[in-house]
Every structure is written in C-alpha cells, then in structure tokens.
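Task: produce atomic coordinates for the following.
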Amino acid sequence: MPGYIEDRWYTKRPDPKTGEKRKTARHGQGKRYRVAGVPGVKDRSFEKLTGAQGANAWLAKAQHESSKGEFIDPRDGNISLRRYVEADWWPEQDYADPATEATIRSRIWNHILPHLGATPLNGIKTPQLRAWLKTIKGALGDGSVHEVWGYLSVILQAAVDDERVTKNYCRSQTSVRPPGRPERKPRAWQRDRVLAVRSALPARFRVMVDLGVGAGLRQGEVLGLAVEDIDDEAEVIHVRRQVKKVGAKLVFALPKGRKTRTVPVPAYLLKAIHDHLAEFPAKKVTLPWGNPAKPASEKEAKERAPRSFELVVTAARGGAVRRDSWDTRAWKPALAAVGMIPEPAASKRPVRHRPGYSRTVLKYEESREHGFHSLRHTFASVQLDAREPIVSVSKWLGHADPSITLRIYAHMMPEADGRGRAAMQAWFDPDS
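Residues are numbered from 1 along each chain as shown. Coordinates of the predicted model:
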C-alpha cells in the first residue's frame, strides 16, 4: 500500500565503514518522522514513531481512509471559525430576503464569533459547545439560543461537507443540547385592554390599533398601508406592501411570504381611518424597494428603484415610521401606562463627542407576549368565534396555507356545541 515513513534525522543508508546510519543536517531540529507518499494526503511530520499520536498510527489511518476515498486531513480544520465563516462560508450564502440576511449575520457576528471565532474548526467539540451555550444562555432567551445554535450547526455541517472536519458536534452529541424552542400559544386581547392601550398611545398612532384588530394587519403592513389601498365602496383593504428594516435602512417590500391580499373590513374601521387622515393627513414617502444596497446590475437597479406612496401612518416629521423606535417610544410606554408591563429602568449614558454630557436611557423588559402581533391574534379570534371558515380567515391573514392558521389558532376555535355528537347519534339511530 502506498506510503512510507522517513526518519529526517538520519540518512537512509548506513556509513559503509561503520555500518551505522549517519546524522543529517536536520538532526535534533524539528519533528523527526515524516509520513509521505500516501495518494491525496499531504505529508505530515511527527515527533514519535509509535503510539496513538505517532507516525505509524497516522500512516495506517491515512492509508485506510485514502483507499476508501474518505480521508480528511485534520490540518484543514486548523483554520479558525471566524476565518472560515468570513472567507469561505458567508460569501457563498445567497438570501432572497436582505432582511433575513441581516438578521442571520447579526446573530452570527454578535453571538457566535465573539465567543468561538478564534477556536479552530476541529477544536469545536463538546466542552467548547458546553461553555459557549452557558455564556449565551445568560444573554438570550430560549428561543434565540435555539436559533443561534442552529446557525452554528449549519456552519459546522458546511465545514464537514467541505472536508475541513469529520464531525459536526452540534448534531452528533447528546450531552449538550440547546433549550427547545418555547411553545407560544397566541392570546387574544379583551376589548377593554385593546381600548386602554389605544388610548395610551399618541393620537397619531391610535389608528394602528384599529388596523391591527380590525383587519389583522402585521405591524409592517400597517406602516406600509397607503391611501390607494383603502376601498370604501367595496369595504376592503388591499394589503400590498410593508415597511421593513434592512440593516439600518427602511425599504418597501411585499408582505410576509411575498403575498398580497384583500381583507374585508367593517364600516367602523373605514371611518376610523378617514378620521385619522382628517387629523393627520397622509404623506408621500419614498423608499427603495426590497433592498437598499447599491445595485450590481441593470436588473437589480430596476427592481430596487425607489417607489413613492401616500402612507396612512407616518412619523411626526413625515417620514416612514421605524418600528424599533416606535416600539420603545410609543408601544411599550402605552403598555406600561396601563399596567401590562413594569415601568422602564432608567440609566445614564455618556453622549458621544460631548464630554461631560449624558442622556437618560429607558430600558423596558422584553414583552413578546404583549407585542403588536397580539392585535392580529385578536382579529383571528373574533373571526373564528364568529365561525368564519378557516380557509377564509387564513386568506385574510395572509398565511400560505390554511393548515398554518389551524396550527396557530386551533385553541381559539369555538366548541362545536354538541353538534358532532348529535350527528353521530342520528347516524347510529335514525329514529332519534
């Protein structure tokens, strides 16, 4: 079988006079034994000839795996995780949604690379995963930890596929596992809670609650709703776009799932929209479409060209509302005002470029269960309680399939009031 071991400290042939091997110029310098001649395997040097980490063991392993076409040189795994991600893995990723790309990049660069970036790929094993998991559990919720673990697993699996390492320890070991994704059942709000939060919001944003509850719109869809989308005669709202954040910039984009839809709405909601517009007139807002990055081709330039719409809800200065700042400056203060979440913790932070000055920063606790999406759940609850067909409710919510709606909102569907039992009784006993 091809392959041999070379002693680099002594010559192959002995001295013809003494019969002993002669010392080479490298004697006593560097590793003594070199494994060479195995097809497809780089030469490698060792300090010892025998033992589990010696040249003999390496040669036998390399010959066996090379003959089966399964050899992976562990030196390829000596590259650090950060270098592999930045130079090899990330440039190959191609995300259709730039917002998704920004989110994944943020997770990797903020929660994986700072802790494991300097570790070689072949050094990320169970102990390293255990320590990393303990660290991020202290900073993230269970759902986020589960998500970040998944991203690391994808990266390590790519390293396996690239023949950098032989094993993805995120998948292959069971002693360290991330927490399961927490199950959250959507909860509808009672009418008095909806009205209380609405009243606590600044006047220019109260119509957002009406649109969330009355039409089931997502927050970004409310912020992207334009005057042209309101059809008073047909009593419907056309959901055609959303305002979303990509990195630090805002763009217009299709609704989630890239699906537009039409939602029937009550006369009360149409009146609320017009009352709002009478007090806060619509403003024309221009944003890129889909992706704010500089286009690399004529096709991208055409697809990303800025578009203008007269938005129903705008910021005080007339631009599109940024949902993250709106959450902290309008939504959460309203929740705190009605006692749904605690008052924020205040802290002082220095003002950059202004030595001696500081600003007060308010930090609210996480409140995913009290997010704007609760209004959408309330819309679904009212529709299902009114016994609207699940197919119709799914269509109005913009779900890809009614099974998604059923999985999310099955617990909200009303009881059958014994009609099923009565039907079976009649089937077994037609005379009853």
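
Correct me if wrong: A336 contacts P342.
Yes. The criterion here is Cβ atoms under 8 Å, and A336 meets it with P342 at 6.8 Å. Any C-beta I mention is one placed from the backbone N, CA and C, and that applies to glycine too.

Mind checking which of those two has more residues around it?
Relative neighbour count places A336 above the other of A336 and P342, with 18 against 11, counting by other Cβ atoms under 10 Å.

all strands for this structure, in order.
Taking DSSP state E to define them, one finds strands in the chain at 4-7, 10-14, 21-23, 33-36, 44-46, 230-231, 236-239, 242-246, 249-253, 261-264, 283-287, 307-311, 345-350, 358-363.

Output the below-cut-off pLDDT ranges for the protein.
1, 40, 66-76, 173-174, 182-184, 412-425, 427-428, 432 (pLDDT under 70).

how does it divide into domains?
Domains of the chain are assigned by automatic domain parsing as 4-71, 78-172, 191-323.

distance between the first one and the chain's centre?
On the basis of Cα atoms, centre = their mean, to the nearest Å, domain 4-71 is displaced by 49 Å from the centre of the chain it belongs to.

Let the chain start at 20 from now.
Happy to do that; since the first residue is 20 now, the last one works out to domain 23-90.

could I get stretch 100-117 in CSV with only the CA atoms?
Written as CSV, here are the backbone C-alpha positions of stretch 100-117 (Å, rounded to 0.1, in the frame of the first residue of the first chain):
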residue,chain,number,x,y,z
LEU,A,100,-14.1,29.5,12.9
ARG,A,101,-14.0,33.2,12.2
ARG,A,102,-11.7,32.9,9.2
TYR,A,103,-13.8,30.0,7.8
VAL,A,104,-17.0,31.9,8.1
GLU,A,105,-15.7,35.2,6.7
ALA,A,106,-13.6,33.8,3.9
ASP,A,107,-15.4,30.6,2.9
TRP,A,108,-18.9,30.1,4.3
TRP,A,109,-20.5,33.6,4.4
PRO,A,110,-19.6,34.7,0.8
GLU,A,111,-21.3,31.6,-0.5
GLN,A,112,-24.7,32.4,1.1
ASP,A,113,-27.4,33.8,-1.0
TYR,A,114,-30.5,35.0,0.8
ALA,A,115,-33.5,36.2,-1.3
ASP,A,116,-34.6,38.5,1.6
PRO,A,117,-32.0,41.0,2.6
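
for it, which positions count as buried?
Using 16 or more other Cβ atoms under 10 Å as the test for burial, stretch 100-117 gives L100, R101, Y103, V104, W108, D116, P117.

Point out the ones among the residues you listed that are inside helices.
L100, R101, P117 (DSSP state H).

end-to-end on stretch 83-99?
The first and last residues of stretch 83-99 sit 28 Å apart, counting by Cα to Cα, to the nearest Å.

brain fart, stretch 400-408
12 Å.

All the helices of the stretch 170-319 of the chain, residue numbers only.
188-191, 210-219, 225-234, 238-242, 286-298, 317-322 (DSSP state H, counting those that start in this stretch).

For burial, what's the neighbour tally of the closest residue to A158 other than its chain neighbours?
Beyond its immediate neighbours in the sequence, the residue positioned closest to A158 (Cβ to Cβ, 6 or more residues apart in numbering) is H130, lying 7.4 Å away. By other Cβ under 10 Å, 22 other residues sit near H130.

coming back round to it: out of the buried residues of stretch 100-117, which comes closest to Q402?
In terms of Cβ to Cβ, no member of these lies closer to Q402 than D116, at 28.3 Å.

For L425, which residues are in contact?
Applying Cβ atoms under 8 Å, 6 or more residues apart in numbering, we find L425 in contact with I409, S413.

follow-up on the earlier one: using TSV, please lay out the strands of the chain together with distance to L403 and mean neighbour count.
As requested, those are exported to TSV (distance: least, Cβ to Cβ, whole Å; neighbours: other Cβ atoms under 10 Å):
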stretch	distance to L403	mean neighbour count
strand 23-26	74	14
strand 29-33	84	12
strand 40-42	88	12
strand 52-55	69	20
strand 63-65	66	18
strand 249-250	25	16
strand 255-258	19	22
strand 261-265	24	21
strand 268-272	29	22
strand 280-283	15	16
strand 302-306	34	17
strand 326-330	30	18
strand 364-369	38	10
strand 377-382	36	11
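
Can you lay out those strands as TSV showing distance to T145?
As requested, the strands of the chain are arranged in TSV below (distance: least, Cβ to Cβ, whole Å):
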stretch	distance to T145
strand 23-26	33
strand 29-33	41
strand 40-42	44
strand 52-55	29
strand 63-65	26
strand 249-250	58
strand 255-258	47
strand 261-265	37
strand 268-272	41
strand 280-283	47
strand 302-306	47
strand 326-330	51
strand 364-369	37
strand 377-382	35
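
Turn the domains of the chain into JSON lines, including distance to W350.
Written out in JSON lines, the entries for the domains of the chain read as follows (distance: least, Cβ to Cβ, whole Å):
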{"stretch": "domain 23-90", "distance to W350": "55"}
{"stretch": "domain 97-191", "distance to W350": "19"}
{"stretch": "domain 210-342", "distance to W350": "7"}
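
between these, which gets nearest to P449?
Closest to P449 of the domains of the chain is domain 210-342 (Cβ to Cβ; 40.0 Å).

Would you mind measuring the gap between the ends of the closest one?
Taking Cα to Cα, the first and last residues of domain 210-342 lie 24 Å apart.

can you give me how far it is from the chain middle?
If you compare the mean C-alpha spot of domain 210-342 with that of the full chain, they lie 23 Å apart, counting by Cα atoms, centre = their mean.

and M359, what does it touch?
Each residue near M359 by Cβ under 8 Å, 6+ apart is listed here: R212, V216, S386, H389.

rerun at 7 Å
By Cβ atoms under 7 Å, 6 or more residues apart in numbering, the contact list for M359 reads H389.

I155 too?
The neighbours of I155, taking Cβ under 7 Å, 6+ apart as the test, are H130, V164, V167.

looking at it, V304 is touching A334, isn't it?
No. Assessed by Cβ atoms under 7 Å, V304 is found out of contact with A334, at 9.3 Å.
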